[in-house]
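Participant: Quick one, fold the following:
(2 chains)
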Amino acid sequence: MSILDSKIPSGALSTKWSSYKDHIRLVNPANKRNIDIIVVGTGLAGGSASAALAELGYNVHTFCFQDSPRRAHSIAAQGGINAAKNYQGDGDSVFRLFYDTIKGGDYRAREGNVYRLAEVSASIIDQCVAQGVPFAREYGGLLDNRSFGGSQVSRTFYAKGQTGQQLLLGAYSAMSRQIGKGKIKLYKRHEMLDLVIVDGKARGIIARNLVTGSLERFSGHAVVIASGGYGNVFYLSTNAMGSNVTAAWKVHKKGAFFANPCYTQIHPTCIPVSGDHQSKLTLMSESLRNDGRIWVPKNLEDSKAIREGRMKPTDITDENKDFFLERRYPAFGNLVPRDVASRAAKERCDAGFGVNATGEAVYLDFASAIERYGREKAKISHNENASIEEIMALGTEVVKAKYGNLFQMYYKIVDQDPYKTPMMIYPAVHYTMGGIWVDYNLMTTITGCYATGEANFSDHGANRLGASALMQGLADGYFVLPYTIADYLADEIRTGKISTDLPEFIQAEADVKAGIDRLMNIKGTKSVDYFHKRLGKIIWDKVGMSRDEAGLKWAIDEVQKLRAEFYSDVRIPGTVESFNPELDKANRVCDFLELGELMAVDALNRTESCGGHFREESQTEEGEAKRNDKDFAYVAAWEYTGKPSEAILHKEQLVFEEIKLVERNYK
Amino acid sequence: MKLTLKIWRQSGPNDKGQIVTYPIDNIEGDMSFLDMMDVLNEELIVKGDDPVAFDHDCREGICGMCSLFINGEAHGPDRAVTTCQLHMRKFSDGETIYIEPWRAKAFPVIKDLVVDRSAFDRVMSAGGFVSVNTSGNTVDANAIPISKIDADKAFEAATCIGCGACVASCVNASAMLFVSAKVSQLALLPQGKVEATERVLNMVRTMDEEGFGNCTNTGACAVECPKEISLDNIARMNREYFKAMLTSE
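Facilitator: Next comes the predicted model:
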């Protein structure tokens, strides 16, 4: 079993990054003009990297499968972005952000990477404001902050419930400027289908033009994978319909290790599934848990009556409600981290207390917040004798100002007014902490191939805190990769233009073509979605919120069988050389069908519970997650060998020098 | 619900295209409009027919990729939503629904309901940015206070999702609402003021070159805009434009 080299610089934690940057090699401006870099993906990680690298003078070739870089799914992030600015003077610091992130990740992330992330976080806010990102401000004209789960300070910058949109449009603006200058060449509606390796180095990609259907070859001196996470392996998730693992999986198959695939984040507050035809789940921001109380009926009979439509939630008195998070975790109550809140909701629903027709929903109730705010408002306006109706109306206005757009979104989808009746919520797949293994330079185990943002595994350990994904995507792209990639490219200044007529390119293209032809020639009877939905159900049931040995073994077996069935019975209409969305989907689903198996393999290996990974066999007497630092304080990096179930495990031992490992306790 | 769908089918940019009728059954009110399109396509695939091509991605109203012209309205009959957020409860049993692509010279059809909106990206490359390098060595974010009123107005303009509903709804296929939203956002903020003159001239020139029509103040764009971008932005852009015409060198 080999030992992976994380290349964390030596020295004190707080000076590692600055002294490393001081000694890293550079590429002079004249030489940068002769170097090509390929970036796959245009979300926060890919968009920011493309802009920053082009500004430095490299020739950047950027790819996205959507019709514009501005569509990437970073756009849907709602709540905010963390930064250790300490504008509120509430005791925040780089160290505290670092500490909260390591602890929130259940001690399964690297100290060196996370400290660097906290260190550059403040520059992200400066940079975005300079680009014209309209963050929320106070009346004095300075930036506003709010608090998020897992921390005791207000360090989250936001733009209403659309922070991701504003940050992505900032990165897209920066890209647009370089596109106008010709420094970024943009390839829209293009999907990367393979990585080309020449003499052991990543030298290009094969991409399919999704409009014409033709395969195209592109060369570069380095390849950056910024293609996001793999949450769509579950079919139903909060990801966009097109979000996929294909680019990441292709580099994995070419030699990049895939780390911790079992670490997936199930977000507690999403709108529940309504029926079989549903294609996607919608998140309700974590910020709602500041004011909403989560409950199910105390009596099984009441839950049953609600499910059958004989009773309404507003008919139940407070004595007959079970505020289960407040009951189980009195210290943190409704603000426990995401993994804890999700499991608690599942436990109640599994016990039969779920509240919508499917039995898979709990209430998120704003009535007491509306009343509290209403009383405050009435007092401020000296209306001491306000009726309860007046108080509720005043409180509704306050809640509307805070969460108006989210309440409107809920109303449009569910057709119920959340100001008057509690929201129904249920956990849904939201983010994947696992991803391509990278070292401190963000380089994968393939020389010259990098991975940034959600596509890599590096900063969130086993559970990501709210408002940290945007921070990591932009940190990687704006402030880390532009430095670390130069250290590698310093050796490439004499290489010259790389020909796409090299035999490696021809072979890679032929392999991709053979794969597509194989899919098209199956001519079976079932649609791609039919298989994707079945895969999603297997993964959700057995590799979802809680896992056990028997279930995982069953899942590995089932996914293998499903994959075989897919390759004998899938039906893809249309032709290869045309605009063919069904073929695009098939190309993605065949990779999910392999990844799903590896997720189960990884989850089976990790017999401890940590963060988003809960093993039934590893829990305390009270049913809480039980971590095992002695045996599992490592990153599990898997090497592809031809079959996901036969992947070779490489362990990177995590070393904690600054932080003492303790049990996470929210009671 | 039982519905009759009348859908625009066009095999490629050079095909003439036509409306084709598809009956569909068992549609529930809780389905989104695109869930309904998925059901139709599933039926077509199993039958061996060519599924209907349409653009979509996030399915939560923010990416701007979905783009259907439904019963003569961009994103359908509901207000302040995109097609992916439109639910079938807005329609009634037995109804006939017409589904067409965005129609504008600057948005050529790729296939069926999918159009090419690259013109928007080119307008953005002409000036939709602040020329600042991403070095991180800018001034502290709180060094320049911005009044909350201006910041909020800039934010409202910045919520544009670039879907193109404004162009599709306009009798002139004008892109004024889209372009003015970006011009306004940056003109309202001190960071964007430095380049305001060049920006508005370059963006408007590119908009015209791309073949978008002019604005005749019908206001349809703002009514159909899923993000409720206000006509005030067009007024602000006109002001910026006249100022730039008079003062540019």
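Participant: And the residue of chain B closest to chain A?
Facilitator: Residue of chain B nearest chain A, by CB to the nearest CB: B:Pro145 (2.9 Å). The C-beta positions use only the backbone N, C-alpha and C, and glycine is treated the same way.
Participant: May I have the secondary structure class of the closest residue to that residue other than its chain neighbours?
Facilitator: Computed as CB to CB, 6 or more residues apart in numbering or on different chains, the closest residue to B:Pro145 that is not its neighbour in sequence is A:Gly141, at 2.9 Å. Following DSSP: H, G, I helix; E, B strand; the rest coil, we place A:Gly141 in the coil state.
Participant: if we can go back for a sec, the residue of chain B closest to chain A and A:Leu143, how far apart?
Facilitator: 9 Å (CB to CB, to the nearest Å).
Participant: what's the answer for A:Leu13, then?
Facilitator: Taken as CB to CB, the span from A:Leu13 to A:Leu143 is 28 Å.
Participant: And B:Asn202, by the same measure?
Facilitator: Taken as CB to CB, the span from B:Asn202 to A:Leu143 is 30 Å.
Participant: do A:Gly231 as well
Facilitator: For A:Gly231, the distance to A:Leu143 - CB to CB - is 31 Å.
Participant: Could you check how far the helix or strand encompassing A:Leu474 is from the centre of its chain?
Facilitator: Here A:Leu474, judged by DSSP states H and E, is contained in helix A:469-474. Taking CA atoms, centre = their mean, to the nearest Å, the mean C-alpha location of helix A:469-474 is offset from the chain mean by 10 Å.
Participant: Please name every helix or strand in contact with it.
Facilitator: In terms of contacts (3 or more CB pairs under 8 Å, 6 or more residues apart in numbering or on different chains; DSSP states H and E), helix A:469-474 is packed against helix A:44-56, strand A:81-82, helix A:111-130, helix A:163-181.
Participant: so the longest one versus helix A:44-56, what angle?
Facilitator: Per axes from the mean of the first three to the mean of the last three CA atoms, to 10 degrees, the angle that helix A:111-130 makes with helix A:44-56 is 70 degrees.
Participant: Over to the last one?
Facilitator: For the pair helix A:163-181 and helix A:44-56, the angle between their directions (the same axes, to 10 degrees) equals 30 degrees.
Participant: which secondary structure elements does helix A:163-181 contact?
Facilitator: helix A:44-56, strand A:184-187, helix A:469-474, helix B:118-125, helix B:148-158.
Participant: Tabulate those (TSV), appending mean pLDDT, distance to A:Glu657 and mean neighbour count.
Facilitator: Below are these laid out as TSV (pLDDT from 0 to 100; distance: least, CB to CB, whole Å; neighbours: other CB atoms under 10 Å in any protein chain shown):
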stretch	mean pLDDT	distance to A:Glu657	mean neighbour count
helix A:44-56	98	28	31
strand A:184-187	98	40	20
helix A:469-474	97	22	30
helix B:118-125	98	46	23
helix B:148-158	96	42	20
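Participant: Rebuild these as TSV, extending it with distance to A:Val589.
Facilitator: Shown next, in TSV, are these (distance: least, CB to CB, whole Å):
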stretch	distance to A:Val589
helix A:44-56	22
strand A:184-187	23
helix A:469-474	25
helix B:118-125	28
helix B:148-158	35
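Participant: Quick one, which of these gets closest to A:Thr62.
Facilitator: Nearest to A:Thr62 among the helices and strands packed on helix A:163-181 is helix A:44-56; the distance by CB to CB comes to 4.5 Å.
Participant: anything in that closest one sitting right up against chain B?
Facilitator: Yes: counting by CB under 8 Å from any CB of the partner chain, chain B is contacted by helix A:44-56 at A:48, A:51-52, A:55.
Participant: Which is the succeeding secondary structure element to that helix?
Facilitator: Toward the C-terminus from helix A:44-56 - assigned by DSSP H and E - lies strand A:59-63.
Participant: Pull the distance from that next one to the chain's centre.
Facilitator: 23 Å.
Participant: Please export the C-alpha coordinates of it as CSV.
Facilitator: Taking only C-alpha atoms (Å, rounded to 0.1, in the frame of the first residue of the first chain), the coordinates of strand A:59-63 have been written out as CSV:
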residue,chain,number,x,y,z
ASN,A,59,-3.8,30.9,-23.3
VAL,A,60,-6.9,29.4,-21.7
HIS,A,61,-9.3,27.0,-23.4
THR,A,62,-12.5,26.7,-21.3
PHE,A,63,-15.2,24.1,-21.7
